[in-house]
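Visitor: let's see this in three dimensions:
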Amino acid sequence: MIRRDLRIEKRDLRGEMRAKARRVGDKERALAGELICRLFHTVSHWSEVDTVLFYHPLPGEPDIRPLIERALGAGKTVALPRFDEESKTYRPVVVESLDEDLGDGKFGVKEPLASCVEIAMGSVDQILVPGVAFDEAGRRLGRGVGYYDRILEGVAGDRVGIAFDWQMAERVPEETHDVRMDRIVTPSRYLLCKGSGK
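Guide: Reported below is the predicted structural model:
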């Protein structure tokens, strides 16, 4: 059971981040997304992975679609999460085109069509992860539903948080089931998280 004070800390941090997000204009957000993609291309581990689980950005999240296109062009196996009604979880599903293989998902997020092939979570070499807030130790605050926490539990590969600089907090409240990031990429830095061992 979640301690009441921890629940309050998470609620307060989400509120703080929502307030920061409201102060960010579209141009600033777009530029930040471009800088994240550019920096991501320069990190050494990008060339070492074959299967990458991306996410399709929501409005207000860093736009990583150029990274997806680059991975497709490089011949990597590209997957995106698709919601599975039976298990109430997201599963990695291979896409070959952002234009042809995506449709509207259950929660208004673009996700792979039913015709696209699911792969095993254990085959994912790297997962890119959105969040509400992160800290330097790799702690992540999600939206509070827990879908990404369940995805992360099944991924043995490299976990990379994608964030705006203003989403970096001094410390993110953490529960025992929360999974930490190995790396975080923001517009200004590539961070190897403390104690990740990678």
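Visitor: relative to D178, how far out is the residue nearest the centre of the chain?
Guide: Most central in the chain under CA atoms, centre = their mean is V129, positioned 1.4 Å from the mean C-alpha point. According to CB to CB, to the nearest Å, V129 stands 12 Å off from D178. For the C-beta atoms, the positions are set from N, CA and C on the backbone; glycine is no exception.
Visitor: what do those two both touch?
Guide: R140 (CB atoms under 8 Å, 6 or more residues apart in numbering).
Visitor: can you list the strands that the longest strand along the chain pairs with?
Guide: Scanning the chain for the longest strand, with DSSP state E as the assignment, gives strand 77-84. Next to strand 77-84 in the sheet, as set by DSSP bridges, lie strand 51-53 (parallel), strand 89-94 (antiparallel).
Visitor: what does the last one rub up against?
Guide: Read it as strand 89-94. Against strand 89-94 from outside (CB under 8 Å, 6+ apart): 53, 77-84, 111-112, 116-121, 123-124, 147-148, 150-151.
Visitor: from the chain's centroid, how far away is the longest helix anywhere in the chain?
Guide: Counting by DSSP state H, the longest helix found in the chain is helix 4-22. Using CA atoms, centre = their mean, to the nearest Å, the mean C-alpha position of helix 4-22 is found 19 Å from that of the whole chain.
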